[in-house]
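Q: For reference, the sequence and a predicted model appear below.
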Amino acid sequence: MLFTDVIRKKRDGGELSADEIAFFVKGLADGSVPAEQVSALAMAVFLNSMTAAEAGLLTMGMAASGTVLNWADEHLDGPVVDKHSTGGVGDKVSFLLAPIAAACGCFVPMISGRGLGHTGGTTDKVESIPGYNATPDFSLFRKVVKEAGCAIIGQTEDLAPADRRFYAIRDVTATVESVPLITASILSKKIAAGLDALVMDIKVGSGAFMVSMDRAEELARSIIDTAAAANLKTHAIITDMNECLGETAGNALEIAESVAYLRNDHRESRLDDVVMSLTAEMLVVSGLEGNRNVARQKADDAVTSGKAAEAFDRMVQAMGGPKNFVDTYATHLPKAEFEIPVFAEAEGYLAAVDAFALGNSIIELGGGRRALSDNLDLSVGLSGVTPIGSLVNRQRPLAIVHAASEASAQVAAEMIRAACVVSDSPPAERPVIYENLRGRE
Ligand code: URA
């Protein structure tokens, strides 16, 4: 088979056969299809899309291109279930949902990504905990999932290596935003992780991959249907990403907000709604609970009883982090030298935020990546990020910038001011949970 014929077929709008997709996946994994041909096929798919059957074959092929975890040998007394988010600004849900779900009887092997561009990465954030090893071998990963109920680690070399290469090439060829390619990319890794069930958090808005509701629904449907064909039961929730989720954005600052939440000291309401909704959905999709309201109550009880905080502590310690981190986190997390409040030009109601620009201000501070090889300053970012609808004035800033230098703080402050629209009247209320989608059961 000649790969140019495969590219030509897709370029002309044809449907690739199982053999052609298998040839592509093999070429991705062993390097026999060079990057320029991978790019050409990615662009042909971006322009002409894929059928559900093609997306399914690509998903399964990439899932099988490396190690596929099997949890049966661990004899876990609960379902193996995970959540995946399409990414947003201030998205710290994983640090909350994983231990809460663990405290409710789930086992959560969470394999997350590093941040690139305006959204931060869960792996970078968890690495702001001193000593935390986010790249353990599989035997430690399995042990921690079994003993703590959850483990959050970074992407490994051996899980879906075909996707690893494909994603890196898509990232630099403007071909990421394709529904079948995103579907195959996300699901190949989740299937390789050996899950029983999955909940997707599909974010929509100015800080998300999917900026329109139509596109978010299309992605949710594609993921649910492709996962069902692969026997991975998946539900999806479409959530708002038109502003920072919670009150912080930036690696260590988000860990601090997460611990305060788990301690039940402070739960910002929009963040709380997203965490409770997604965790309840995990209990439902995995069959642990039939009723969503009861599931939500169980998730809430796991926080108020301290059981979720205990699960988080167990995970952190088992992964090499400090003992009793939940009680001592303030002394362990890195702190930036400069803290500067950013005030709006005039008093008024915060009416809208360009969340994409807010995320870019973290890159400017050194807390996010322009290229995968960039080193991050984990201490920088934003705290006290004011939610849309609040009155801002000389007493109430838009946010507090945490920076390594006064100069970088001033640049970020300008970006934040430019990203915020202040108006004389309060904006209409917006929900944070838009839609709950399930498979055709
Ligand atoms: N996240 C992924 O893992 N893959 C994509 O294609 C997009 C987001």
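A: Noted; the coordinates are in hand.
Q: Okay, and the residue in the stretch 151-300 of the chain positioned nearest to the ligand sits in which element?
A: In the stretch 151-300 of the chain, the residue that lies nearest the ligand is Ser185 (3.3 Å; CB to the nearest ligand atom). The C-beta positions use only the backbone N, C-alpha and C, and glycine is treated the same way. Using DSSP states H and E, Ser185 sits in helix 179-192.
Q: which bits of the stretch 101-250 of the chain sit near the ligand?
A: 167, 176, 181-182, 185-186 (CB under 6 Å from any ligand atom).
Q: re the thing from before, counting by contacts, list what the helix holding Ser185 packs against.
A: helix 35-48, helix 52-63, strand 81-85, helix 161-171, helix 213-229 (3 or more CB pairs under 8 Å, 6 or more residues apart in numbering; DSSP states H and E).
Q: go again using 10 Å as the cut-off
A: Applying 3 or more CB pairs under 10 Å, 6 or more residues apart in numbering; DSSP states H and E, we find helix 179-192 packed against helix 18-30, helix 35-48, helix 52-63, strand 81-85, strand 108-112, helix 161-171, strand 197-204, helix 213-229.
Q: The last one to helix 52-63, inter-axis angle?
A: This points to helix 213-229. 70 degrees (axes from the mean of the first three to the mean of the last three CA atoms, to 10 degrees).
Q: What are the buried residues along helix 213-229?
A: 215-217, 219-229 (16 or more other CB atoms under 10 Å).
Q: centroid residue for this protein?
A: Central residue of the chain (CA atoms, centre = their mean): Ser85, 3.7 Å from the mean position.
Q: Now Pro387: phi and psi?
A: phi -70, psi 150 (degrees, to the nearest 10).
Q: nope, Ile400 is what I was after
A: Torsion angles, degrees, to the nearest 10, at Ile400: phi -110, psi 130.
Q: Look at Met210 and report its pLDDT.
A: Met210 is assigned 89 on the pLDDT scale.
Q: What's the nearest residue in the stretch 251-400 of the chain when you look at the ligand?
A: Leu372 (13.5 Å).
Q: In this structure, what helix or strand scores lowest on average pLDDT?
A: helix 161-171 (a mean of 93; mean pLDDT, DSSP states H and E).
Q: and Lys323, what is it in contact with?
A: 313, 316-317 (CB atoms under 10 Å, 6 or more residues apart in numbering).
Q: Just give me how far the helix or strand containing Lys298 sits from the chain centre.
A: Using DSSP H and E, Lys298 sits in helix 292-304. Relative to its chain's centre, helix 292-304 lies at 22 Å (CA atoms, centre = their mean, to the nearest Å).
Q: and that helix, what's its mean pLDDT?
A: 98.
Q: quick one: low-confidence ranges for this protein?
A: 116, 440-441 (pLDDT under 70).
Q: can you list the domains in it?
A: What automatic domain parsing lists as the domains of the chain is 3-48, 72-330+434-438, 338-423.
Q: Name the nearest residue to Leu333, ignoring sequence neighbours.
A: Leaving out its chain neighbours, the residue that sits closest to Leu333 by CB to CB, 6 or more residues apart in numbering is Ala252, at 4.3 Å.
Q: The one you found looks like it's in a helix, true?
A: Yes: checked against DSSP: H, G, I helix; E, B strand; the rest coil, Ala252 lies within a helix.
Q: List the buried residues for the helix or strand containing Val411?
A: Val411 is part of helix 406-419 when elements are defined by DSSP H and E. By neighbour count on 16+ other CB under 10 Å, the buried set for helix 406-419 is 408-409, 412-413, 415-417, 419.
Q: any chance of the residues you listed in CSV, plus distance to the ligand?
A: Shown next, in CSV, are those (distance: CB to the nearest ligand atom, whole Å):
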residue, distance to the ligand
Ser408, 28
Ala409, 31
Ala412, 26
Ala413, 30
Met415, 24
Ile416, 26
Arg417, 30
Ala419, 23
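Q: How much space separates the residue lying closest to the residue nearest to the centre of the chain once chain neighbours are set aside from Ile186?
A: Closest residue in space to Ser85, ignoring its immediate chain neighbours: Asp201 at 4.0 Å, by CB to CB, 6+ apart. Here Asp201 is placed at a distance of 11 Å from Ile186 (CB to CB, to the nearest Å).
Q: So for the two, which residues contact both of them?
A: Common neighbours of Asp201 and Ile186 (CB under 10 Å, 6+ apart) are 84-86.
Q: can you redo those residues as JSON lines with distance to Lys307?
A: Output for the shared contacts of Asp201 and Ile186, formatted as JSON lines (distance: CB to CB, whole Å):
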{"residue": "His84", "distance to Lys307": "24"}
{"residue": "Ser85", "distance to Lys307": "23"}
{"residue": "Thr86", "distance to Lys307": "29"}
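Q: and which of these is nearest to the ligand?
A: Closest to the ligand, out of all of the shared contacts of Asp201 and Ile186 and judged by CB to the nearest ligand atom, is Thr86, at 6.1 Å.
Q: The ligand versus Leu41, what's the distance?
A: With distances taken as CB to the nearest ligand atom, to the nearest Å, Leu41 is found 15 Å from the ligand.
Q: circling back: my guess is the residue of the stretch 151-300 of the chain closest to the ligand contacts Met62. True?
A: Yes: contact status for Ser185 versus Met62: in contact at 7.5 Å, counting by CB atoms under 10 Å.
Q: more neighbours, those two?
A: The residue with more neighbours, out of Ser185 and Met62, is Met62; 29 against 21, by other CB atoms under 10 Å.
Q: Next one: that one relative to Val89, how far apart?
A: Distance from Met62 to Val89, by CB to CB: 28 Å.
Q: Next: Ala148.
A: In terms of CB to CB, Ala148 sits 28 Å off from Val89.
Q: Same drill for these two, tell me which one is more crowded.
A: Val89 (32 against 23).
Q: Relative to Arg11, which of the shared contacts of Asp201 and Ile186 is nearest.
A: Thr86 (27.7 Å; CB to CB).
Q: if we can go back for a sec, distance-wise, check the residue nearest to the centre of the chain relative to Pro136.
A: 22 Å.
Q: coming back round to it: now the helices and strands packed on helix 179-192 as TSV including distance to Ala344?
A: As requested, those are exported to TSV (distance: least, CB to CB, whole Å):
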stretch	distance to Ala344
helix 18-30	49
helix 35-48	39
helix 52-63	45
strand 81-85	29
strand 108-112	34
helix 161-171	35
strand 197-204	26
helix 213-229	29
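Q: What residues does Thr86 make contact with?
A: 119, 182, 186, 200-204, 208-210, 216, 219-220, 223, 236, 238-239, 241.
Q: if you set the cut-off to 7 Å instead, what comes out?
A: 201-203, 208-210 (CB atoms under 7 Å, 6 or more residues apart in numbering).
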